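> sequence isn't available, so here's the structure alone:
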């Protein structure tokens, strides 16, 4: 089997505009989460924004892809490079802007029509007198949100906002004319994208791939939806804590250059680590609640361990999904306790970066590769009083790290696990 290694990483998050800045802020115990109100129609919630306003998907993708290539020492065009860039929301923000514009245009047209009808001359013997029309009164419309980074959209360019077009745009950016995939499996998207890229290289379909996920989920609809579910935290993200409140939405992107070991050595590229194996399963249980006994999650972890030729005792660190929701953290802790020795180190970085949905697993892999490189365990920011009996890392510490598992569990019961090592 062809070995697959990571030779470049591009990352942008609420913690920083680069991989190194985000990593250093994470180790320092800092958080990118703030109480914000980007849309006047939605009350303030804690969230993790990259800038002062919600980010633009296209610009964020271009930035993180360019960073990954620069880190890998590669220059476009890369004709034979596969592209696997996923997102659980993709261009949803653009669709919401378009829907808002269509709604407002329809409301204006309707009101103008009604107003014009009111100006028709009366019938019979009444005399029509020309006079200044009253001021046009528009019906109630959804308030326009302050989103200067998102341009106005119209039906003539809506094809550019289809869910897979971000991956296509990446292929154009790097001059890739080979395989292009655009995974979309909720919060499991990031790890699935990396695993699909590794599989393409392992099976000889390409020797190099750029893979990862980009997420700009801060939109009125996403906030309103999670609010209606009761899933949003009110003050912050506290993974695995007794007093956890729910998830905190965040923006972020992490993209990786994956190559066969042969190609990486041939060009003397630096290597962050090796993709050892991966596992995918589905609960077939519920739209947004995990299967309470974690049977499919356990199966995904066992698949990954088997394909990585590892045992549970070989794992030094687990980057947990750790959303800070009651159901996820309970199920995930139970699964870890069931499979692994009690001393395995565990942390989730969502208490600092927020939950970046489809990109969260990709960010987790990036932080895990940095942990492997520097032999440092990143802390579980926000965890003060653990509810579960696990070896949680609450403060940055040095450790001997050889093998890491990253876990992601998405809505619909999507379970993905990836193993990395030296």
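Received it, and whenever you're ready, just let me know what you need. None of these values were measured; they are calculated from a predicted model.
> so where do the helices sit in this structure?
Remark: helices assigned in the chain by DSSP state H are 19-27, 57-72, 92-118, 165-174, 189-202, 220-229, 261-266, 295-307, 326-339, 350-353, 360-374.
> the ones you listed: lowest mean pLDDT?
Least confident of the helices of the chain, judged by mean pLDDT, is helix 92-118 with a mean of 75.
> who touches residue 393 in this structure?
By CB atoms under 8 Å, 6 or more residues apart in numbering, the contact list for residue 393 reads 345-347, 377-380. Just so you know, the C-beta spots here come from the backbone N, C-alpha and C atoms, and that holds for glycine as well.
> what bridges to the closest residue to it other than its chain neighbours?
Excluding the flanking residues, the one nearest residue 393 by CB to CB, 6 or more residues apart in numbering is residue 347, at 4.2 Å. Counting by DSSP bridges, residue 347 is bridged to residue 319.
> any idea how far residue 246 is from residue 347?
Using CB to CB, to the nearest Å, residue 347 is found at 19 Å from residue 246.
> which one of these two is surrounded by more residues?
More crowded of residue 347 and residue 246, by other CB atoms under 10 Å: residue 347, with 29 against 23.
> that one and residue 382 touch, don't they?
No: counting by CB atoms under 8 Å, residue 347 does not reach residue 382; the two are 10.5 Å apart.
> most neighbours among the contacts of residue 393, which one?
Top of these by neighbour count (other CB under 10 Å): residue 347, with 29 neighbours.
> could you pull up the contacting residues of that one?
Applying CB under 8 Å, 6+ apart, the residues contacting residue 347 are 317, 319-320, 322, 377-380, 392-393.
> now for residue 374, how many residues are close by?
Here the count is done by other CB under 10 Å, and residue 374 has 13 residues near it.
> I meant residue 306, not that one.
12.
> got it, and residue 18?
Other residues close to residue 18 by other CB under 10 Å number 18.
> from residue 63, how far out is it?
Counting by CB to CB, the gap from residue 18 to residue 63 is 10 Å.
> shared neighbours, those two?
By CB under 8 Å, 6+ apart, the residues touching both residue 18 and residue 63 are residue 12.
> quick check, central residue of the protein?
residue 359 (2.1 Å; CA atoms, centre = their mean).
> circling back: I'd like the helices of the chain laid out as a markdown table, including distance to residue 50.
Shown next, in a markdown table, are these (distance: least, CB to CB, whole Å):
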| stretch | distance to residue 50 |
| --- | --- |
| helix 19-27 | 10 |
| helix 57-72 | 7 |
| helix 92-118 | 13 |
| helix 165-174 | 16 |
| helix 189-202 | 16 |
| helix 220-229 | 16 |
| helix 261-266 | 30 |
| helix 295-307 | 30 |
| helix 326-339 | 24 |
| helix 350-353 | 10 |
| helix 360-374 | 12 |
